[in-house]
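1. model this:
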Amino acid sequence: MKSRPAQPTGTPAKKHAAQGAVAEAEAALVEHYPRLVRLAYLALPASTARHRRVLVAHRIVQRALRAGTLAGNNGTETYELLRREVLRGALAHGTGGRVREAVAGAALPYVLGLRLHPRAGGSDELALDRALAALPAPARAAYALLGFEGLDESAARDVLDAADAADPRGAVRTAAGLDGDAALLAAGEFDPCTVQMRPTDLLRRRQRVRAGAAVVAAGFVGVALLAFAGGHSPSPTGAAGPPAAASGAAAQALDPAALVRVAPTAWTATGRLDFTVWPARGSRTGDTALLRRALAVWANPGRSVQVSATPGTQHTGPAAPPQLLYAGDADKATVVLFYDGLRIVRYAEARGSNGAGGAALDFAQVPDADITTAAALVVDRIDGNTRFLTAPWVAQAETRDLLKPDQKSAPLALASDGTTGPVRMPGAGAPAGQCGTAWTAVQLRSSTKVAEQHTFLLTDLGDLSPVHLTFTPPPAAGVPAGSPREATGTPALVSWAHGVCRLGELRGQGVRAVNDWQFARTPLPEKAGEGVWTCDRADTWRGPGRATVQFVPPSAVGSAPGTLAGKQSDGSACSSFGRNVMAGVMWQSPAGKWYLLAAGSRDVTSITATGDVKVRGTGPTFATPAPRGARATLTATTKSGLTLHPLTGD
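-> Numbering: from 1, shown residues only. The predicted model follows:
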């Protein structure tokens, strides 16, 4: 490539370059806005009221573009610069004398008559929130970098140092020692972009209106709020808010007598196996008071109710009588499960409290579920264990440790009402940000009335519906590309053992299924064996998906994770709409030599490397000697002429 002549200062070329840098920063801010706001929210002082904390987090991120250092970044990734400025602003806000510096230049947005706060989580999220509140701001920021950003300790220290944090090494050490599940940082409890709104003290405001001069303006705000809140404010006590006047379909939807109840044998006489054929089960399906209470809370949750939902799921009340799936006691809770044709709704209250001690309300969307994705629901989680309710077509339940692929499955108790015994949650008891020594999955077998010996794996990623795990083997010569199959065979279990710990990044994201696809197996230099390239595709119930590519060398024994080679969020990579993929990694041979390895899926005809390593190879793979730390840009070409790049998105 010919070098361009140097441009003098102030030329149009330099102005265009500066404009391009700003445009790139703006695009990165828009793309990663929710991620940056969550990071700012986590780093801000926990003593700040949640309403103000939400507003300040948004303000800090929106001001990040004003930092002059975003221009002329000297090769640093734009997102990394934005992240640094966001953390710098959040940490400055927590140092007393620098509060005005952190938000100088413009006031916070005015939000009249409303208080904003993220969705309330469960007991685990509450415990983590309290633990984080006890940490100094740099340690909270470090915990977010380790647990939410996925950085290692060294990288987290570098980021904190660049953000002018006090004692980055001590902050990281404190964060790493915190006992908690860092994957919970992805939950709604810590998401300031998806907030709930509640009115302020309406009675006090009314008194002020009487005494004030701006009667018309204040009255307008009050009317708007009453319309938003459904004509009443939430009840300060009890689980459900004050009942609103309802008639017709709305009143029928809250009537326990109108609940849809499916016959116990309906699943044996239909070609559609999903939640629509689940019968009502549990010891309290006839408890009218419990069902009425659950419906009332669903329609109008009071302030004491902890509400959570998978991303994109509506919190609205029932529009018609829902289907009753379960009502019964599980461990220390009384639980009711409903299905409204699109969502699963879980109501839970402390056992024996009759709703007086508060309640929890969880929403999850489950459109187009099938024999596997409608095979189980979470009834209860307590002390690091999960209890499931299985579909009526499930004949046998077992557990399997995915980190020990050579270990046999173990029997799991299955009660007559379809509930399982307790199953250890993946990562329970492990240090923050770590996988732990076991990853327990549920292995279910369907009745022979449905599909003979149809066995499949589900794993708990923190939502109401467990995630279906599948496997696609590597392509064979002359054989069409295969479809995902159940991940219960030995090759599937061995492959999943190297990638299952990365599933922790997907907790609380409404994931429906994850497929582990071995898109290439390649011989390594120096006769070092065969390397495996996999792409794990996670699809959510709402549509978008995520892909993670890794390389597993033959030296990765047992459950050792592979080398991360690329990621893509909200794309089609490794799905039926994106079957072409390519990746590369640096690899050290047993003899100590370094190589640049690259591999693509079956339709790749050539791969080219430029930069520190310049080589072009024919076919879907290549391996070439390269100095340690070499940086290369890879591209691949497919049979149809398509150009591929490694996955690099977040």
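
2. all helices for the protein, in order.
-> With DSSP state H as the criterion, the chain has helices at 12-31, 33-43, 50-63, 78-93, 99-102, 123-133, 137-147, 153-162, 168-176, 202-211, 215-228, 249-253, 288-299, 490-497.

3. okay, those helices, which one's buried deepest?
-> Burial of the helices of the chain is given as mean neighbour count (mean count of other C-beta atoms under 10 Å); helix 137-147 ranks first at a mean of 27. All C-beta spots, glycine's among them, are computed from the backbone N, C-alpha and C.

4. counting contacts, what elements does that one pack onto?
-> The helices and strands touching helix 137-147, judged by 3 or more C-beta pairs under 8 Å, 6 or more residues apart in numbering; DSSP states H and E, are helix 33-43, helix 78-93, helix 153-162, helix 168-176.

5. got the CA coordinates for that helix in PDB?
-> Taking C-alpha atoms only, helix 137-147 is exported to PDB below (Å, rounded to 0.1, in the frame of the first residue of the first chain):
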ATOM      1  CA  ALA A 137     -16.500   3.500  45.000                       C
ATOM      2  CA  PRO A 138     -13.300   2.200  43.300                       C
ATOM      3  CA  ALA A 139     -14.000  -1.400  44.600                       C
ATOM      4  CA  ARG A 140     -17.600  -1.200  43.300                       C
ATOM      5  CA  ALA A 141     -16.200  -0.100  39.900                       C
ATOM      6  CA  ALA A 142     -13.700  -2.900  40.100                       C
ATOM      7  CA  TYR A 143     -16.400  -5.500  40.800                       C
ATOM      8  CA  ALA A 144     -18.300  -4.200  37.800                       C
ATOM      9  CA  LEU A 145     -15.300  -4.500  35.500                       C
ATOM     10  CA  LEU A 146     -14.600  -8.000  36.700                       C
ATOM     11  CA  GLY A 147     -18.100  -9.300  36.800                       C
END
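
6. Quick one: work out the angle between it and helix 168-176.
-> Put simply, helix 137-147 runs at 60 degrees to helix 168-176, going by axes from the mean of the first three to the mean of the last three C-alpha atoms, to 10 degrees.

7. same question for helix 137-147, mean pLDDT?
-> Per-residue pLDDT over helix 137-147 has a mean of 88.

8. Distance from the chain centre to that helix, please.
-> Relative to the centre of its chain, helix 137-147 is centred 18 Å away, using C-alpha atoms, centre = their mean, to the nearest Å.

9. circling back: is it possible to export the helices and strands packed on helix 137-147 to a markdown table including distance to Gly578?
-> Formatted as a markdown table, the helices and strands packed on helix 137-147 follow (distance: least, C-beta to C-beta, whole Å):
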| stretch | distance to Gly578 |
| --- | --- |
| helix 33-43 | 23 |
| helix 78-93 | 23 |
| helix 153-162 | 29 |
| helix 168-176 | 36 |
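
10. For these, give me CSV that also has mean pLDDT.
-> Shown next, in CSV, are the helices and strands packed on helix 137-147 (pLDDT from 0 to 100):
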stretch, mean pLDDT
helix 33-43, 87
helix 78-93, 86
helix 153-162, 89
helix 168-176, 86
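
11. Strands of the stretch 201-350 of the chain, start to end?
-> Taking DSSP state E, counting those that start in this stretch as the test, the strands found in the stretch 201-350 of the chain are 305-309, 323-330, 333-339, 343-350.

12. To Thr270, which of those lies closest?
-> Proximity of the strands of the stretch 201-350 of the chain to Thr270 was assessed by C-beta to C-beta; the nearest stretch is strand 323-330, lying at 14.4 Å.

13. ok, back up a step: need the helices of the chain in CSV (columns: distance to Arg631).
-> Below are these laid out as CSV (distance: least, C-beta to C-beta, whole Å):
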stretch, distance to Arg631
helix 12-31, 20
helix 33-43, 25
helix 50-63, 30
helix 78-93, 16
helix 99-102, 36
helix 123-133, 36
helix 137-147, 24
helix 153-162, 17
helix 168-176, 26
helix 202-211, 60
helix 215-228, 53
helix 249-253, 60
helix 288-299, 54
helix 490-497, 29
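
14. so which of those gets nearest Leu185?
-> helix 137-147 (5.0 Å).

15. Now do that closest one against helix 123-133, angle only.
-> Using the same axes, to 10 degrees: helix 137-147 against helix 123-133 is 140 degrees.

16. could you check the angle helix 33-43 makes with helix 137-147?
-> Orientation of helix 137-147 against helix 33-43 (the same axes, to 10 degrees) gives an angle of 140 degrees.

17. Skipping its backbone neighbours, what lies nearest Ser572 in space?
-> In space, and not counting its chain neighbours, Ser572 is closest to Gly578: 3.6 Å by C-beta to C-beta, 6 or more residues apart in numbering.

18. ok, back up a step: of the strands of the stretch 201-350 of the chain, which is nearest Ala415?
-> Of all the strands of the stretch 201-350 of the chain, it is strand 323-330 that lies closest to Ala415, at 9.9 Å by C-beta to C-beta.

19. Among the strands of the stretch 201-350 of the chain, which comes closest to Val585?
-> That would be strand 305-309 among those, by C-beta to C-beta, at 37.8 Å.

20. In its sheet, which strands sit next to that closest one, and in what direction?
-> Using DSSP bridges, the strands paired with strand 305-309 in its sheet are strand 359-365 (parallel).
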